[in-house]
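1. no sequence on this one, just coordinates:
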């Protein structure tokens, strides 16, 4: 979120700046902070408090669903004032955020004992709708220069008297949590749950030798046929290798190996490596606990 300021004086000392929408709030574009303020050349945004003048810290919403967003504000250093109080909300109606919605969050008041007193202002977005998070907060000074990008939901900037700034909040979808570690479905599961295969990118009729880049079976076997193999040796390796490959490729199974690693392990075992040891490794991982429901539709 970017904070910018205009040169128009704000003559109502404790008035709430309110909600506004401005076109194309780029990193170096001024953000009017009062309902009657028009975009102007970048400069110092002044606020008259008695005979003192201070600069605004502004909060803008630049992405996310329409609705009301809530924030809390805190600061250290300098006397400071809160035109909107320590907490405030702003409501967004423009769905595509072609214009951000902004409000004044903090206006520092000159410290009589130190004109160059430092103010550290923190703004935190709270009470977000389910499934929404703060992706990042862009911070700019009062002439639009980007000061940095911080991860949400809080961001902090340090400013001195006559140097305001802005927080520009970007919101996005909350990513789904990763599956818990230590997961793996058995060869029997994959043999009887072919409806679970599509997310892996593999199909039951795929050729085993072609998928693994080996020359093991003559005549060729499909992946599903390899899962149905009994016995030990290379047949057991093939059976558990297919299950391991499907586990590693399914987005909802946290298997502990990638598909490429599974294929490389099979190649190494069949090229003079440890067939039994590799099979046992796959067997252990494949029995870690299946996170999928059985689906025998296909």
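-> That came through fine. No experiment lies behind these values; they were computed from the predicted model shown. Numbering: from 1, shown residues only.

2. residues in contact with the residue nearest to residue 245 when sequence neighbours are not counted?
-> Using CB to CB, 6 or more residues apart in numbering and skipping the chain neighbours, the partner closest in space to residue 245 is residue 262 (4.9 Å). Quick note: C-beta positions are derived from backbone N, CA and C, even for glycine. Residue 262 makes contact with 241, 244, 245, 248, 282 under the criterion CB atoms under 8 Å, 6 or more residues apart in numbering.

3. got it, and residue 114?
-> Counted by CB under 8 Å, 6+ apart, residue 114 has contacts residue 78.

4. Please name the bridge partners of it.
-> residue 111 (DSSP bridges).

5. what's the answer for residue 124, then?
-> Going by DSSP bridges, residue 124 forms beta bridges with residue 72, residue 154.

6. Quick one: mean pLDDT over the helix or strand hosting the residue nearest to residue 245.
-> According to DSSP states H and E, residue 262 maps onto helix 259-270. Mean pLDDT, helix 259-270: 94.

7. centre of the chain versus it, how much separation?
-> 33 Å (CA atoms, centre = their mean, to the nearest Å).

8. who's in contact with the helix or strand following it?
-> Downstream of helix 259-270, the next assigned helix or strand under DSSP H and E is helix 275-286. Here helix 275-286 makes contact (CB under 8 Å, 6+ apart) with 184-187, 232-234, 236-237, 240-241, 243-244, 247, 255-257, 262, 265-266, 268-269.

9. Next, the distance between the ends of stretch 155-164.
-> Distance across stretch 155-164, first residue to last, is 15 Å (CA to CA, to the nearest Å).

10. List the buried residues for it?
-> 155, 156, 157, 159, 160, 161, 162, 163, 164 (16 or more other CB atoms under 10 Å).

11. Any idea which helix or strand in the chain has the lowest mean pLDDT?
-> strand 20-21 (a mean of 26; mean pLDDT, DSSP states H and E).

12. could you pull out the strands for the stretch 1-150 of the chain?
-> In the stretch 1-150 of the chain, the strands defined using DSSP state E, counting those that start in this stretch lie at 2-3, 20-21, 47-49, 52-54, 57-61, 67-76, 87-92, 101-106, 118-126, 132-141, 146-150.

13. out of the ones you listed, nearest to residue 274?
-> Nearest to residue 274 among these is strand 132-141 (45.3 Å), distances taken as CB to CB.

14. Any idea how far that closest one is from the middle of the chain?
-> Worked out by CA atoms, centre = their mean, strand 132-141 lies 11 Å from the chain centre.

15. Next, the angle strand 67-76 makes with it.
-> 50 degrees (axes from the mean of the first three to the mean of the last three CA atoms, to 10 degrees).

16. Other residues contacting strand 132-141?
-> Contacts for strand 132-141 (CB under 8 Å, 6+ apart): 1-4, 27-28, 63-65, 123, 125, 128, 146-155, 157, 159, 163-174.

17. now whatever helix or strand residue 234 lives in: how far from the chain's centre is it?
-> Element membership for residue 234 (DSSP H and E) is helix 233-249. Relative to its parent chain, helix 233-249 has a centroid offset of 34 Å by CA atoms, centre = their mean.

18. With stretch 61-74 instead?
-> 16 Å.

19. buried stuff in that stretch?
-> 61, 62, 63, 64, 69, 71, 72, 73.

20. pretty sure residue 253 contacts residue 289?
-> No - with contacts defined as CB atoms under 8 Å, residue 253 does not count as touching residue 289, sitting 9.8 Å away.

21. Overlap of the contact sets of these two?
-> With CB under 8 Å, 6+ apart, residue 253 and residue 289 have common neighbours 183, 184.

22. Which one's more surrounded, the two?
-> More crowded of residue 253 and residue 289, by other CB atoms under 10 Å: residue 253, with 22 against 11.

23. about what we covered before: are any of the contacts of strand 132-141 buried, and if so which?
-> 1-4, 63-64, 123, 125, 128, 147, 150, 152-155, 157, 159, 163-171.

24. Excluding chain neighbours, give the residue nearest to residue 294 in space.
-> Residue 294 sits nearest to residue 193 (CB to CB, 6+ apart), 4.7 Å away.

25. Tell me how far that neighbour lies from residue 295.
-> Distance of residue 193 to residue 295, given as CB to CB, to the nearest Å: 5 Å.

26. So which of those two has more stuff around it?
-> Taking neighbours as other CB under 10 Å, residue 193 and residue 295 compare with residue 193 leading, 19 against 13.

27. pLDDT value on the more buried one, please?
-> Value listed for residue 193 in the pLDDT field: 94.

28. And for residue 134?
-> 87.
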